[in-house]
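Engineer: model this:
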Amino acid sequence: MVFYAALTTLMIPKTTPDARHIEQPPFFPTEVPPAFLKPIKKIVSFPASAVPVDVPDEIFKKRNIGISAHVDSGKTTLTERILFYTGRINAIHDVKGKDGVGAKMDSMDLEREKGITIQSAATFCEWGDNHINIIDTPGHVDFTIEVERALRVLDGGVLVLCGVSGVQSQSLTVDRQMKRYNVPRVAFINKLDRTGSNPDKVIEDLKDRLKLNAAAVQVPIGLEGEHRGVIDLIREKVLIFEGDNGEIIKEEEVPEDMKDLVEEKRMDLIEKVGDVDDEIGEIFLMEETPTIEQLQAGIRRATIKCEFVPVFMGSAFKNKGVQPLLDGVVDYLPAPHEKRNVALDLENDEAEVEVTCSSTDPLIALAFKLEEGKFGQLTYMRVYQGTLKRGGFITNINTGKKIKVPRIVRMHSDDMEEIEEAGAGEVVAMFGIDCSSMDSFGDGSAKLAMTSMFVPEPVMSLAISMDKSSNQANFGKALAKFGKEDPTLRISTDPISKQTILSGMGELHLEVYIERMKREYDVHLEVGQPSVNYKETITSKQEFSYVHKKQTGGSGQYAKVIGYIEPLGEEEEGEDREEQFEFDNQVIGTNIPPEFIPSCEKGARDSMEKGGLIACEVQGMRVALVDGQSHAVDSSDMAFRICMSAAVRDAMKKAGPQILEPIMKLEVEAPSEFQGTIVSGLNRRMGLIQSSDISDDGSVQIVADMPLANMFGYSTDLRSITQGKGEFTMEYFNHMPVTRDVQTELIKKHAEEKE
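Structural biologist: Residues are numbered from 1 along each chain as shown. Here you go, the predicted structure:
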């Protein structure tokens, strides 16, 4: 029998009372019988007896999910098919925009040009009687904050894996993020139509590399060019996907030559679930076979507790396996009330308060994403408890400001549907709310705030400056807007070089924002490496005797100083590297009157501001004043200050001056198989390896001292040599002398800049 499964596309959503407009053109054949307009199988969420009586039906049938994966695993392609099968879009478009339209969820021109997702995008759809809010997230490591903020507010996730490559670097990152926020997940092995696809290897990767208790709930029928469908291990039925867009699903019995494989995989599934679920475990130990309903309920319980990951299979690009995945989202991922969330009571020493997920309780909402739209700032909100009403008043818990809610919209990528109110469990957006990312909102009756998200530190910086044609005001607006949108994008001014420094998560991350400034604000930037904070010092003792004499009529200027300069020893420099200067007053008698000694010290400090090699700050030097001479009329504070400054500068040129460069303490962490390539890469960059340790989980931690000047571009190199699996952190250690050839090059460059 042929089933037009998933043709929820055919189930044109009815206009809800709170919706202003829903445009859904009837684009499917009208002769299809209404009986076929349903999901593939009856969705079993819970046995009726297990459904809490106080949970409203609209909460129980709601799912908030994020689709996450390594770059180019097919997340956006999968989301495009989900929207098509649920009736949200009427045609499937190419992700890279080759058809001139592009994927619905990649609405930014840059996304369609590059063929990657840059910003997370929200949408919603109906599958059967269930309402699903979906956030499609970027896969590139440079935009990991978008995944972070999505997983912070969602109840469940779909981890997409490439059937050929399996678990990749960003898969590891997404796994850490899901575990950080206790997000239950299902896995979808995509691209089974590709040459070399091997779903069994991918499942082993999930177990070995991600340490997940995972098992297949499907078996593919054919791989590579022969991939036609899947076998549902729970119901033991074959699903063949036919039609131009895979919308026709033919259900068949399991062929004889695959029955042994299906039986083996089904027993493995029951065993894996039985390991973490008491009811299924008891049935397994009694050597009985659980019913379909018992097995589904057991998988659901284990998945919601983050103790099991059901694995689905298919090929989103070839329109296979998407509809059963949607069934799995509803079957196994939690409704909003089933995911534990806690708020912090700010009036009671931040005591934890359980969120009830009831629309009648006091409002608790979290602003998790800001976006500048054509109507002003668009604020994405997750409503955890209570009801958000248009025209009502809400209070920003972080600032105490009371705000009137002007408009509430449901997002469909860059399209909007205006609604009157949003209840608990909803993901919506608001216009005209001035707030920051991760601000909590309430109705004013209690000060309950949600916890924030983890924000990683930037790993790469660029020095930026405007060209002459750009508008200074627009430049300021762009920096303010992007800094508010993306917490991993940092804008700062170097206190020494006065350069504007743009820091972010990688080259692509910074490149995208520089391009957005050009397109959205007409700001053209000149980009370069940030200036390195070099310093100078001396290497030998040098005596000085200097006379400052100036006569211009009337009282003039006269001062004479005698003394020496010498380098400070390491034990004398101490830990305070900002005060590596010592002034030693050894004057006996009154050849230099005592009131002029402080001026001599100021003059010595003046000479430390610019060295004689490349005009950088001088450190690690002692100045001793031994003797001098003064004039009863012409000597003054200014005369001794100028004299001392000139004397020290002149002496420094003869005291073996040397340039110092900042050395960073670098810590690299990566899988141990990349240890050799990482060490050789550090050696090429003049790094000095301090330690190398292998931990119990098979990762290696390498500690090295590295010149900051050699660190530029290292984040890209490290990702390249470790297949994206390596991470590093660095902090300032100290200043060390540069090599002779580097010093010669720096002096030459400084001379050219002066000309």
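Engineer: going forward, measure contacts between C-alpha atoms and count neighbours the same way
Structural biologist: Fine.
Engineer: report how many residues lie close to residue 495.
Structural biologist: In terms of burial, residue 495 registers 8 neighbours under the definition other CA atoms under 10 Å.
Engineer: likewise the one 5 residues further on?
Structural biologist: By other CA under 10 Å, 17 other residues sit near residue 500.
Engineer: can you check residue 340 too?
Structural biologist: The number of residues packed around residue 340, counting by other CA under 10 Å, is 12.
Engineer: equivalent analysis for the one 10 residues further on, please.
Structural biologist: Residues lying near residue 350 (other CA under 10 Å) number 13.
Engineer: in this structure it contacts residue 450, no?
Structural biologist: No. Between residue 350 and residue 450 there is no contact, the gap being 10.3 Å when judged by CA atoms under 8 Å.
Engineer: now do the shared contacts for those two.
Structural biologist: With CA atoms under 8 Å, 6 or more residues apart in numbering applied, the overlap between the contact sets of residue 350 and residue 450 consists of residue 344.
Engineer: in the chain, which strand has the most residues?
Structural biologist: With DSSP state E setting the assignment, residue counts place strand 658-671 as the longest strand in the chain.
Engineer: show me how far that one is from its chain's centre.
Structural biologist: 24 Å (CA atoms, centre = their mean, to the nearest Å).
Engineer: stretch 700-708 now?
Structural biologist: With CA atoms, centre = their mean as the basis, the mean position of stretch 700-708 lies at 23 Å from the chain mean.
Engineer: may I have it as PDB, with CA atoms only?
Structural biologist: Coordinates of the C-alpha atoms in stretch 700-708 are reproduced here as PDB (Å, rounded to 0.1, in the frame of the first residue of the first chain):
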ATOM      1  CA  VAL A 700      47.600  15.700  24.300                       C
ATOM      2  CA  GLN A 701      48.300  19.000  26.100                       C
ATOM      3  CA  ILE A 702      51.400  20.900  24.800                       C
ATOM      4  CA  VAL A 703      52.700  23.900  26.700                       C
ATOM      5  CA  ALA A 704      55.100  26.200  24.800                       C
ATOM      6  CA  ASP A 705      56.600  29.700  24.900                       C
ATOM      7  CA  MET A 706      55.900  31.500  21.600                       C
ATOM      8  CA  PRO A 707      56.800  35.000  20.300                       C
ATOM      9  CA  LEU A 708      53.600  36.900  19.800                       C
END
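Engineer: name the residues that touch that stretch?
Structural biologist: Outside of stretch 700-708, the residues that reach it under the criterion CA under 8 Å, 6+ apart are 532, 661-672, 675, 682, 685-695, 733.
Engineer: pLDDT weak spots in the stretch 501-650 of the chain?
Structural biologist: Low-confidence regions of the stretch 501-650 of the chain, defined here as pLDDT under 70, cover residues 553-554, 570-579.
Engineer: and if we set it to 80?
Structural biologist: 505-508, 528-533, 551-555, 569-580 (pLDDT under 80).
Engineer: and the strands in it?
Structural biologist: Using DSSP state E, counting those that start in this stretch, the strands of the stretch 501-650 of the chain run over residues 525-528, 535-537, 542-550, 557-567, 581-585, 621-629.
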